[in-house]
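**Q** sequence first, predicted coordinates after that:
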Amino acid sequence: MTILLTGIDGYMGWPTALKLSQEFPEERIIGVDNFARRKWVGECGSDSVVPIYSMKERLKAAREHGFENISFVEGDLTNKDFVDRIISTHKPEVVLHLAAQPSAPYSQINGERAVFTQKNTVLSNANLLWSLKEHGLTDTHFIETTTTGIYGAPNIRIGEGFVKVVDEEGNSDVLPFPNIASSWYHVSRGFGAANMMLMNMQIGMPCTDVRTSIVYGIATEETALDERLATRYDIDFYFGTLFNRWCAMMIINHPLTIYGSGRQIKPFISLEDTATSLVKIVKKGNEGKYEVYNQLVEYVRIKDMAEWMNHTAEKLFGRAPGIEYIPNPRKEKEESEYSFENENFLKVLGKPKHESMQETLPEVLEKLKRYEDRIRAYRDRLIPKKR
């Protein structure tokens, strides 16, 4: 079996590649990336605070630790000719599509980046799906990590991809949950979800839509083996996810910034459980359906999260950074009864390794303390620049 993994150089992609190698040691894992994430973060004046090595050095270290079946091809998935060469050459039985411009704030900077984000997302998705079809690989399992952000923040319990609708006459149907995302990035992932559903409907290609929540954490079991295997850890406003950025703030005693009231509820999953679940989804397979998993383990209210992180800082460091409320740069509901169904996802994942961020926080802070100088060097990138 050949597994094509896109976005291998990314925060999620590299740890997933190592876990795939461990689970499928006799199979071929072809990683694809164009190193754009490194460029985008650099454009924003930042860098990964955990130093990351070149792909050549990463692969060398991977082989030394027994991950011997990972290879790499550099290229741009928005280029159909490149995609066709990859698909026709390797004929993958599984495509695990993690490549994307993944930042909502980046997509909101200006019109140029909004359009770029949507082109990048939609073209990569469509090129891969159509190349598989045109090369007769209609049984290839296509898996894409989209986002729970597609759902927006409705005041109803969110099913795994679908919602039951009843009209005024009592007629009912189960329909795809509408794309009511609140950023140009999140909306673009809804287009990818619709494309997967369409391709499945038209030709029966097995498509799995993994709606990823906010991912947190500094390492997985595999990336912790060697500093050369480390994955990136961004802390800037544009690419640093909430928990990860706040951990950096705690290290340098910077107030935890809350946008708006802090009453928003957000879903989370650890990096370890993210990568593990993706490998298990590959292993489970898909019998010609369009399936949706809500990839999350817990959800918390932002204000509550800031309070217990301050309490932890007090215990660990003898001082708490405090909380700073700033105007919300995002257009989103400040209040909602936000909850998800994720039973199907948990059946695949099994017992999460990290059921609570509170349990994980001390370990992340201990590892992150090594990079305090780098955090201080990018301190001005922690909050949005005034425009």
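**A** Arrived safely. Just so it is clear, the model here is predicted, and its values are computed rather than measured.
**Q** C-alpha only now, for contacts and for neighbours.
**A** Fine.
**Q** how about low-confidence regions in this protein?
**A** Along the chain, segments meeting pLDDT under 70 span 328-334, 336-337, 385-387.
**Q** mind saving the C-alpha coords of stretch 125-139 as CSV?
**A** Taking C-alpha atoms only, stretch 125-139 is exported to CSV below (Å, rounded to 0.1, in the frame of the first residue of the first chain):
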residue,chain,number,x,y,z
ASN,A,125,-8.6,19.7,-2.8
ALA,A,126,-10.1,19.7,-6.3
ASN,A,127,-6.8,18.8,-8.0
LEU,A,128,-6.3,15.7,-5.8
LEU,A,129,-9.9,14.5,-6.2
TRP,A,130,-10.0,15.0,-10.0
SER,A,131,-6.5,13.5,-10.5
LEU,A,132,-7.5,10.4,-8.6
LYS,A,133,-10.7,10.1,-10.8
GLU,A,134,-8.9,10.8,-14.1
HIS,A,135,-6.2,8.1,-13.3
GLY,A,136,-8.8,5.5,-12.5
LEU,A,137,-8.1,5.5,-8.8
THR,A,138,-11.7,5.7,-7.7
ASP,A,139,-11.3,3.3,-4.8
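**Q** which other residues reach that stretch?
**A** With Cα atoms under 8 Å, 6 or more residues apart in numbering as the test, stretch 125-139 has contacts from 77-80, 83-84, 87-88, 91, 93, 140, 142, 192, 195-196, 199, 203-206, 288.
**Q** same question, stretch 297-317
**A** For stretch 297-317, the surrounding residues in contact (Cα under 8 Å, 6+ apart) are 250, 256, 258, 261-269, 319-323, 339, 352, 355-356, 358, 362.
**Q** would you write a PyMOL line that selects the buried entries of these?
**A** The buried residues among the contacts of stretch 297-317 can be selected in PyMOL (16 or more other Cα atoms under 10 Å) with this line:
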select buried, resi 250+256+258+262+263+264+265+266+267+268+269+320+321+322+339+352+355+356+362
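**Q** buried subset of the contacts of stretch 125-139?
**A** 77-78, 80, 83-84, 87, 91, 93, 140, 142, 192, 195-196, 199, 204-206, 288.
**Q** could you measure Pro51 against Gly149, distance?
**A** Pro51 sits at a distance of 29 Å from Gly149 (criterion: Cα to Cα, to the nearest Å).
**Q** which one's more surrounded, those two?
**A** Gly149 (24 against 14; other Cα atoms under 10 Å).
**Q** who's in contact with the more buried one?
**A** Gly149 touches Ala181, Ser182, His186, Ser213, counting by Cα under 8 Å, 6+ apart.
**Q** just the contacts of stretch 125-139: which are in helices?
**A** Lys80, Val83, Asp84, Ile87, Ser88, Gly192, Asn195, Met196, Met199, Ile203 (DSSP state H).
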